[in-house]
Every structure is written in C-alpha cells, then in structure tokens.
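K.L.:
The following comprises the amino acid sequence and a computationally predicted model.
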Amino acid sequence: MSINPMAYEAQFFGFTPQTCMLRIYIAFQDYLFEMMLVVENVILKKLDGFPGCKISPSQIRKGTEKFLLFMKDHFDKLFSKMEEMLLQLVLNIPENVLLPEDKVHEQYPYTKEQFQALQDEIQQLQQQYRAEASAGQALRAELEEQNAVRAELEKMLQWFDGLDNICREHGTSNFKESFAFLTQNSKKLKDVLKDVEKKSNKMKKHDRLL
C-alpha cells in the first residue's frame, strides 16, 4: 500500500485513496477465499460419486490451501500494479488543480509570517474585547448602585419635604422648635439610613462576587 498521505485527495473525496484501495483489496480477498471453499465443496461432492476414489478430504483441503496460496500470490502482484495505476490516474489530484473551497488562497496568498502576524492580531483583539467587556460590566454595576442610592436620596428628600410640611402645620417655624421636632422624629431617619446602608452593603458584596 502507498505511504503517501494524499491529504488533498482526502479533502476532495471525503476519504483517503489508500483506505479505498484497502477496502477493495479486502473485498477481492474475501471473494477469493469464498470461491475456494465453493470449489472445495464441489470437488468433495463429485468424489462422493466415485466409491473407489482414494483421495481423502484432508488431501483435498491441502490441495485447496496450496492453490489458494498460489492464487493469492498472483493476486497480490496484480493488485499492486492496479493500485499504483488507480492512485496515479484515478484517485490523484494533479498539482496544478485547486479545489473550489481553496480558491480564496489563490486570490489572497499569504506567507507563514503573515499568517502568524494575523493570528497574533486576532489574539490581541480577543484580549482587548474581554477587557472592554469586563470594564463595561463594572460600569453597569456602578450605574446600578448609583441609581439605587439616588432613589434612596429621593425618598429622603421627599421625607424631609413631608417633615417640613408637618413642622409648618404644627407651627414650628423657627430653628429651635424645628430641631426639637426633628429630634423627636429622629428614629424615622435612623431607620431610613439603616435601610440605605443594608442595600449598599448588598450591592458591594454583589460586586465582589462579579
């Protein structure tokens, strides 16, 4: 069998020419063995019709095996010539022939150095993309945190506006009276601050996990 890998032919046919030839060889060989068994059975049946025949089945088997070796030796020689002819004239793609899927290489030829430079550039772009994606994720997380803090501050402003209205309704218009009133209602403010602090801590833990 040929030791030439014939990779280009394998790309076109979907199998290596050597594999094709091996299967043909095995098929012919199996057929030859089957024919020898058929011939041997026919000879044994013919001898059963001659009671005085002194040829034993073991002698016939030896003769069949000897003839099989003779046929196999000649078959191998003929198959070697047939294989050489098929690999050169039938299953071979000439060097000047380019497959359709490889036409792009003819239009845009490049050297090994150019190909390596292209690979390096692709790797750098991939690293840059990963870095930008990571930075974008960090910015989005920071924006979400800012939106949450802004929402809490708006709640606090609304609460202060409501508190100011309540103070006015109760006639606490000067600073001392307002301060006293705020002191009495400081528990509400502490609860709001605790709520903001808890949410801020949760967001920080989330950022660390990312």
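P.N.:
Sure thing, it's come through.

K.L.:
any idea which helix or strand carries residue 126?
P.N.:
Element membership of residue 126, judged by DSSP states H and E, is helix 112-169.

K.L.:
What segments of the chain are helices?
P.N.:
7-13, 17-48, 57-89, 103-107, 112-169, 175-184, 186-209 (DSSP state H).

K.L.:
and residue 95, which of the ones you listed is closest to it?
P.N.:
Between residue 95 and those, the tightest spacing by Cβ to Cβ is seen for helix 7-13, at 9.1 Å. C-betas here are computed from N, CA, C, even on glycine.

K.L.:
Show residues contacting that closest one.
P.N.:
16-17, 20, 91-93, 99 (Cβ atoms under 8 Å, 6 or more residues apart in numbering).

K.L.:
can we see that at 10 Å?
P.N.:
For helix 7-13, contacts defined as Cβ atoms under 10 Å, 6 or more residues apart in numbering pick out 6, 15-20, 87, 91-93, 95, 97-102.

K.L.:
ok, back up a step: any chance of the helices of the chain in TSV, with mean neighbour count and mean pLDDT too?
P.N.:
Putting the helices of the chain into TSV (neighbours: other Cβ atoms under 10 Å; pLDDT from 0 to 100) gives the following:
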stretch	mean neighbour count	mean pLDDT
helix 7-13	14	81
helix 17-48	13	89
helix 57-89	13	89
helix 103-107	9	69
helix 112-169	11	81
helix 175-184	11	57
helix 186-209	11	66
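
K.L.:
which helices and strands sit right next to the helix holding residue 126?
P.N.:
Where contact means 3 or more Cβ pairs under 10 Å, 6 or more residues apart in numbering; DSSP states H and E, helix 112-169 is packed against helix 175-184, helix 186-209.

K.L.:
hmm, back to that, what subset of the contacts of helix 7-13 is buried?
P.N.:
6, 16-18, 20, 87, 91 (16 or more other Cβ atoms under 10 Å).

K.L.:
wait, isn't residue 39 in contact with residue 64?
P.N.:
Yes: counting by Cβ atoms under 10 Å, residue 39 does reach residue 64; the two are 7.0 Å apart.

K.L.:
Noted, bye for now.
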